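> Have a look; sequence and predicted model below, questions after that.
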Amino acid sequence: MRRILFLAIILPCLASCSGLGGTGPAVPVAVERQDWARHFADAGVTGTMVLFKDGSGTAQVHDAGRAARGYLPASTFKIPNTMIILETGAANGPDEVFPWNGTKYEVAAWNKDLSFREAFAVSCVPVYQELARRVGQQRMEHWVKAARYGNENIGGGIDLFWLQGDLRISALEQVEFLQRLKHDRLPFSKKNMAIVKDFMVVEQGEGWTLRAKTGWAARSANIGWWVGWLERGNEVWYFALNIDIANPGQLPARQGVVKAVLRGEGLLP
């Protein structure tokens with residue numbers, strides 16, 4: 001059974017951005033998908049997922065209460081951070097190579113020279129921390145606020161605020177931010193928005209493209225994320241999932257649950 005929930009505060013843009021193709025009500029409607037609980041149970045995890053079709057004015061949600069709760073974005077912040085880095089000139093472009101600093105990290109893919117594109121793909125925290133320091137506190141705060149990202153609070157250290165600091169974003173806010181990125185409605189150049197959208201491509205098939213970014217707030221909250229969107233023909237489906245991560249073995253459930261939902265809805269082969 002589906003419960004209809006009116007979220008007067010949580011999703012102010014999804015239905016009101018009629019310029020993005022939707023003519024939904026000013027107060028969006030969220031359909032509670034209790035049947036999605038089986039996908040979380042099958043993966044042995046607890047969490048929330050939001051799925052929103054561009055222009056529909058209606059979001060489908062598993063656990064609407066949690067979907068409205070803010071969490072550390074962890075490496076999903078690499079989506080806006082990449083645009084901020086490019087906009088401020090902290091990196092020269094998508095192919096700039098960052099030399100390995102010689103530190104042996106647990107993630108083997110970090111232990112080598114990486115291009116900006118590769119650092120995004122393998123979610124290299126040290127590279128992005130160095131780039132955040134290049135951006136600096138004042139410019140970072142300006143752009144996070146200009147982009148209206150989450151609670152806009154970058155307290156806790158210029159190279160830590162998205163990992164264990166004060167920045168928080170909800171699954172619902174992630175979807176709203178992604179919609180603005182897809183439609184070039186963020187305060188960044190179209191060139192830089194196009195670069196991050198290109199970075200986000202993780203899978204493609206006949207007639208569909210999946211763009212996404214993982215995140216894992218391992219230093220404190222132990223929250224795992226997978227956020228992005230599926231382009232399928234003329235349709236665009238945005239999604240944001242976060243789950244509790246009790247151990248690293250649960251990390252694949254981030255993609256697994258999302259894909260199970262998308263397949264269940266007939267959106268992925």
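Sure thing, it's come through. Numbering: from 1, shown residues only.

> What ranges does the stretch 1-150 of the chain have for its helices?
37-43, 64-67, 78-88, 116-121, 125-135, 137-146 (DSSP state H, counting those that start in this stretch).

> The fifth one vs helix 78-88, what angle?
I take that to be helix 125-135. Relative orientation of helix 125-135 versus helix 78-88 (axes from the mean of the first three to the mean of the last three CA atoms, to 10 degrees): 40 degrees.

> Helix 125-135 packs against which elements?
helix 78-88, helix 116-121 (3 or more CB pairs under 8 Å, 6 or more residues apart in numbering; DSSP states H and E). C-beta: built from backbone N, CA, C; applies to glycine.

> in the stretch 151-269 of the chain, which spans are helices?
Using DSSP H, counting those that start in this stretch, helices in the stretch 151-269 of the chain cover 171-182, 190-199, 253-264.

> and those helices as CSV, adding mean neighbour count and mean pLDDT?
Converted to CSV, the helices of the stretch 151-269 of the chain look like this (neighbours: other CB atoms under 10 Å; pLDDT from 0 to 100):
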stretch, mean neighbour count, mean pLDDT
helix 171-182, 24, 96
helix 190-199, 16, 98
helix 253-264, 19, 98
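
> Where does pLDDT dip in this protein?
Along the chain, the parts satisfying pLDDT under 70 run over 1-29.

> One more pass at 90, please.
Applying pLDDT under 90 to the chain flags residues 1-30, 56-58, 218-221, 269.

> Go ahead and flag the most central residue of it.
Centroid-nearest residue in the chain, with CA atoms, centre = their mean: Val227, separated by 3.8 Å.

> Pull the contacting residues for it.
Going by CB atoms under 8 Å, 6 or more residues apart in numbering, Val227 touches Thr76, Ile79, Ala171, Gln174, Val175, Leu178, Ala212, Lys213, Gly215, Phe239, Ala240, Leu241.
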